[in-house]
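**Q** I would like to see how this sequence folds:
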Amino acid sequence: MKSYEHITAIILCAGAGARMGLDYNKLLYSFKKPLIYYTINIFEQRKYVNNIILVVNKNDQKTFHNLVQKHSFTKVRHILTGGDTRQKSSYTVNKNDQKTFHNLVQKHSFTKVRHILTGGDTRQKSSYTGVHAANDGIVMIHDGAQPFVHPKDINNALSTLKENEGVTLAVPVKDTIKQTDKKM
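**A** This is a model prediction of the structure:
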């Protein structure tokens, strides 16, 4: 049986909002609160999640830091710099971003925030970077654009880990709806 003493949720948040026709990250689109708030809050409220790592677009880094501070998310330990999209991330460390991050951590006394890392040039590499930052224990990777994951489903996935090395939580694929100005 696996130990649930150390569970980290990695939330992939890099994106540009292009498919929604936005000129900013769709996770920052507000439904009373930004969309990403609801995703982070699901994992923040789980008593068994010790740490949350956000992988973000470097252009959104300050916005995500402010959001974490504003909503007092105490389990967000790392904010990793991703790329302009979830699929593309910069692999080299941006020293200016690190300095800004560390100043913010000191200014607001985030005692659980340890450091900042840089994602990879693909979602897979960014996920790997997040897993490496998690160090040990159980790691959950979640798409930040999916705020409606049910706690029961997370619990079921963790229960499955008692007898398996890994688990993937999935939902049936929905048809894509497209709007066009051309007649079909």
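**Q** Gln69 and Leu54, how far apart?
**A** Separation of Gln69 from Leu54 (CB to CB, to the nearest Å): 13 Å. Placement of C-beta: from N, CA and C, glycine included.
**Q** between those two, which one's more packed in?
**A** Leu54 (30 against 14; other CB atoms under 10 Å).
**Q** unless I'm mixing things up, that one is touching Arg77, no?
**A** No. Between Leu54 and Arg77 no contact is recorded; they are 9.4 Å apart, counting by CB atoms under 8 Å.
**Q** Show the average pLDDT along the one helix or strand Gln124 maps to.
**A** Counting by DSSP states H and E, the element that carries Gln124 is helix 123-134. When pLDDT is averaged along helix 123-134, the result is 76.
**Q** Now that helix: buried residues?
**A** By neighbour count with 16 or more other CB atoms under 10 Å, helix 123-134 contains the buried residues 123, 126-127, 129-130, 133-134.
**Q** again, but for stretch 6-20
**A** Buried residues in stretch 6-20, defined by neighbour count with 16+ other CB under 10 Å: 7-16.
**Q** quick one: terminal-to-terminal distance for it?
**A** 36 Å (CA to CA, to the nearest Å).
**Q** Stretch 10-23 now?
**A** 25 Å.
**Q** Give me the contacts around that stretch.
**A** Here stretch 10-23 makes contact (CB atoms under 8 Å, 6 or more residues apart in numbering) with 24-27, 29, 36, 39-40, 43, 52-57, 60, 64, 82-86, 89, 119, 123, 126-127, 130-131, 134, 139-145.
**Q** Among those residues, which lie within strands?
**A** Using DSSP state E, the subset of these located in strands is 52-57, 82, 139-143.
**Q** related to what we said a few turns ago, from the chain's centre, how far out does the helix holding Gln124 sit?
**A** 11 Å (CA atoms, centre = their mean, to the nearest Å).
**Q** Measure how that helix sits relative to strand 138-143, angle-wise.
**A** 140 degrees (axes from the mean of the first three to the mean of the last three CA atoms, to 10 degrees).
**Q** name the helices or strands packed onto helix 123-134?
**A** strand 7-12, strand 51-57, strand 76-82, strand 138-143 (3 or more CB pairs under 8 Å, 6 or more residues apart in numbering; DSSP states H and E).
**Q** which stretch in these has the least confidence?
**A** strand 76-82 - the lowest mean pLDDT of the helices and strands packed on helix 123-134, at a mean of 71.
**Q** how far away is Thr176 from Thr8?
**A** Separation of Thr176 from Thr8 (CB to CB) stands at 32 Å.
**Q** Let me know the pLDDT of the residue nearest to Cys13 when sequence neighbours are not counted.
**A** For Cys13, ignoring the flanking residues on the chain, the nearest one in space by CB to CB, 6 or more residues apart in numbering is Gly144 at 4.1 Å. On the pLDDT scale, Gly144 is placed at 84.
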